[in-house]
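Peer 1: Return atomic coordinates for the entry below.
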Amino acid sequence: MSESDVVVAPTTTAKLTAEAFGTLLLVLGGVGTAVFASNTFVDGGTTGTVYTAVALAFGLTVVVGAYAFGPISGGHFNPAVTLGLAAAGRLPWKDVWGYIVAQIVGGAIGSTIIFLVALFGPDGWLKKAQDGGFASNGFGEHSPGGFGIGAAIIIEVVLTAFFVIVILGATHPKRGTALAGLAIGLTLTLIHLISIPVTNTSVNPARSIAAAIYGGGDALAQLWVFLVFPIVGALIAGLAYRALFDGETK
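Peer 2: Next up, the predicted model:
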């Protein structure tokens, strides 16, 4: 075997840096689109266009991040995904907490960049964005469609579970596909198209934390729902996938 054929595993530092950068990209692309587009173009009847743009922004950032950073860290960019993959046996539990910290830090840097850009916006623009929640997730009066906490719990558990199942299937070591990044990104786009009206779509605690930092007291008060229930959905998916889909005939 030549030196060029030897596969060198990325270092832990490289993996955590990739997770931080990937989550930063996700927040900058997805939350950034939601903040800037929603607070600039909604007036005048273009709400549907903004809604679609936000869904596509989240999906596209995952596609880009998956191909750019996936070969280094696996391209999770989401604490729920990390926990779901660990539950499925795809990631050692000892690596989980480092990944989660890197994702939260990366997301917070992403939303801070958005906030700093907004500081230099037109008079009153930043206040309007923060009064609107800064693209935070919410339920009740903070749900875009007025949906209550029960709807938020169901949608976050179910859609996070399906997201993790798609990830596990598309990246399976024997049955996966080279187009996994595209499949995962399109799935996240679909998830946003379904659930933006319900919760503004979390399925990702790091994304929720990042937005809530600048979304005000109400966003922080409701944040627990978007930490707990995406994780519940991901763990269910990881355990179910391992039990139902990972068996092989001899």
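Peer 1: Just the buried residues of the lowest-mean-pLDDT helix or strand in the chain, please?
Peer 2: Ranked by mean pLDDT, DSSP states H and E, the weakest helix or strand in the chain is helix 32-41, scoring a mean of 83. Going by neighbour count (16 or more other Cβ atoms under 10 Å), the buried part of helix 32-41 is Gly32, Thr33, Ala34, Val35, Phe36, Ala37, Ser38, Asn39. The C-beta positions use only the backbone N, C-alpha and C, and glycine is treated the same way.
Peer 1: by contact count, what packs against that helix?
Peer 2: Under the contact definition 3 or more Cβ pairs under 8 Å, 6 or more residues apart in numbering; DSSP states H and E, helix 32-41 sits against helix 47-73, helix 96-119, helix 125-131.
Peer 1: switch to 6 Å and redo it
Peer 2: helix 47-73, helix 125-131 (3 or more Cβ pairs under 6 Å, 6 or more residues apart in numbering; DSSP states H and E).
Peer 1: okay, the angle between it and helix 96-119?
Peer 2: 20 degrees (axes from the mean of the first three to the mean of the last three Cα atoms, to 10 degrees).
Peer 1: Show the model's pLDDT score for the spatially most central residue of the chain.
Peer 2: In the chain, the centroid-proximal residue (Cα atoms, centre = their mean) is Asn204; its distance is 4.1 Å. With respect to pLDDT, Asn204 scores 98.
Peer 1: on that earlier part again, show me the contact partners of the least confident helix or strand of the chain.
Peer 2: Val50, Ala53, Val54, Ala57, Ile114, Lys128, Ala129, Ala135 (Cβ atoms under 6 Å, 6 or more residues apart in numbering).
Peer 1: filter the residues you listed to the buried ones?
Peer 2: Here, 16+ other Cβ under 10 Å leaves Val50, Val54, Ala57, Ile114, Ala129, Ala135 buried among the contacts of helix 32-41.
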